[in-house]
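**Q** Predicted structure and sequence below. I'll ask about it afterward.
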Amino acid sequence: MFTDLAEFHQWLAERHEANEYRVTPAPLNRLDGWTTDPVTGDLHHVSGQFFKIHGLDVTGSQREVDHWQQPIINQPEHGVLGIAVKEFDGVPHCLLQAKMEPGNLNTLQLSPTVQATRSNYTRVHRGRAVPYLELFTTLGRGRPLADALQSEQGSWFLAKRNRNIIVQVEDDIPVLDDFCWLSLDQIGELLTVHDLVNMDTRTVLSHLPDRLLPAPGRFRGHPVHAMPELLNWLTHHKTMDTTERRPIPLAKTAGWRMNDDEVRHEHDRYFRIIGVDVRAQNREVGSWSQPMLAPCDVGVIAFAVRHVDGVPHVLVQARAEAGTLDRVEIAPTVQCSPGNHTHLAPFDRPRYLDTVLSAPPERILFDVVHSEEGGRFYHARNRYMAVDVTGTLPDDVPDTFRWAACGQLARLNQYGGILNVETRNLLTCMGFIA
């Protein structure tokens, strides 16, 4: 435990120096352990495990563009994202680790106690065991505070889900070199730092019970829409969604160009598929190679916020994504990469994007750039924002949007497949720093 955050930052710098890390760009056709199908062009691991990358054809999504094709990461296995919580002198602390991921802009970020794919924790790579795994995979090792199977980025993953689990422990736990206990107040302060608290930590923290949040009770109060009305709205859009998707060969994906080095869009938009060689002294395996998805732009993930009778409400949308298992989930007010839409007419730009980006400083509740999952995405970053629009945004919103109380979202979040990962990340920011 740290007496102050200066001590934490010193510890983090020491962890940087304690191990060797290196990530080197590599051609896709020379990645050790990976192969390109000679017919389809699909990328996959020689073991048949981990993940593969193929093409996807999407139609009928009722998004800004109705039909498109794209590469997508197919990783059907469920990973474990788990945080251990323990009270010290009555103060809850989370056991987090300084974890290197090949896609991290700054090498080390704070990850959950356990962050592991099934291929990793079943040791397909024949590496070291994942520390603390038994806290989350053995029933009875602690008191579960939350446990839900949640989606990941539906625009980049096909039907990907991870187990988000929080377990409160009473026993003494040995703290390994790259791990530390942080109080929830300390985590709240660290969430205001760019590229420090990783995506997996943020999504798990969104499941914390209200009583443990730095300002308990902030999400309580009467919402403008009762819970059955909110569920009715979401279920309606789930059942009325017309999105259709089908796998296609990566080499035949329209608008994308594939060569020995990378896969990229013909107009240099959206993202690239690149290769990297990795060395990480303190990981379960010391070196490996893999393909990664590298976005071409920093995204914007934002809530429009208003208070109704003192209760914070956020504007959410029922949004279909190409890869989401259940097609439609609750998404933030704005979820996009602005650079991907510059070629579209103004009326085709993502709704409310300009409202968020033009907000005066006094209306911005928080504004921080966070990194996305560094195990599959290379230097993927989004600007997470909340903007107070009380009195400036009309009460009437399009049918795909609804005002929801933050407390309602927190309750829905205890069940999987309702809030998308971007909403969960914003909900954590609302609970800790707004």
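**A** Yep, that arrived. Numbers count the residues shown, from 1 in each chain.

**Q** Look up how far T59 lies from R246.
**A** Here R246 is placed at a distance of 9 Å from T59 (C-beta to C-beta, to the nearest Å). All C-beta spots, glycine's among them, are computed from the backbone N, C-alpha and C.

**Q** Assign T35 to helix, strand or coil.
**A** Three-state assignment for T35 (DSSP: H, G, I helix; E, B strand; the rest coil): strand.

**Q** distance between the ends of stretch 215-233?
**A** Using C-alpha to C-alpha, to the nearest Å, the end-to-end distance of stretch 215-233 comes out at 30 Å.

**Q** list the buried ones in that stretch?
**A** In terms of neighbour count (16 or more other C-beta atoms under 10 Å), stretch 215-233 has its buried residues at R218, F219, G221, P223, V224, H225, L230, W233.

**Q** pLDDT at the fourth one, what is it?
**A** Just to be clear, that refers to P223. As predicted, P223 sits at a pLDDT of 95.

**Q** T3 - how many residues pack around it?
**A** The burial count assigned to T3 is 7, neighbours taken as other C-beta atoms under 10 Å.

**Q** Same check on the one 10 residues further on?
**A** Other residues near A13 number 12, with proximity taken as other C-beta under 10 Å.

**Q** How about P102?
**A** A total of 24 residues lie near P102 under the criterion other C-beta under 10 Å.

**Q** contacting residues for it?
**A** For P102, the contacting residues are V23, V276, V278, A280, Q290, M292, G374, G375, Y378, by C-beta atoms under 8 Å, 6 or more residues apart in numbering.

**Q** Run through the bridge partners of the fifth one.
**A** Translated: Q290. As for beta bridges, Q290 partners with V276 under DSSP bridges.

**Q** please renumber so the chain begins at 34
**A** All set: I'll call the first residue 34, so the last point we hit is now Q323.

**Q** Now for it: which residues touch it?
**A** L64, W67, F83, P135, G308, V309, V311.

**Q** I'd like the residues you listed written out as CSV, with distance to G319 added.
**A** Listed next are the contacts of Q323 as CSV, based on distance: C-beta to C-beta, whole Å:
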residue, distance to G319
L64, 17
W67, 18
F83, 17
P135, 13
G308, 18
V309, 15
V311, 9
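
**Q** Return the item of the residues you listed having minimum pLDDT.
**A** Lowest pLDDT of those: F83, 90.

**Q** Can you name the helix or strand that that residue falls in?
**A** According to DSSP states H and E, F83 maps onto no helix or strand at all.

**Q** That one against T150, yeah?
**A** Yes - counting by C-beta atoms under 8 Å, T150 is a contact partner of F83 at 7.2 Å.

**Q** Could you count how many residues lie near V331?
**A** 14.

**Q** about what we covered before: mutual contacts of F83 and T150, please.
**A** Q108.
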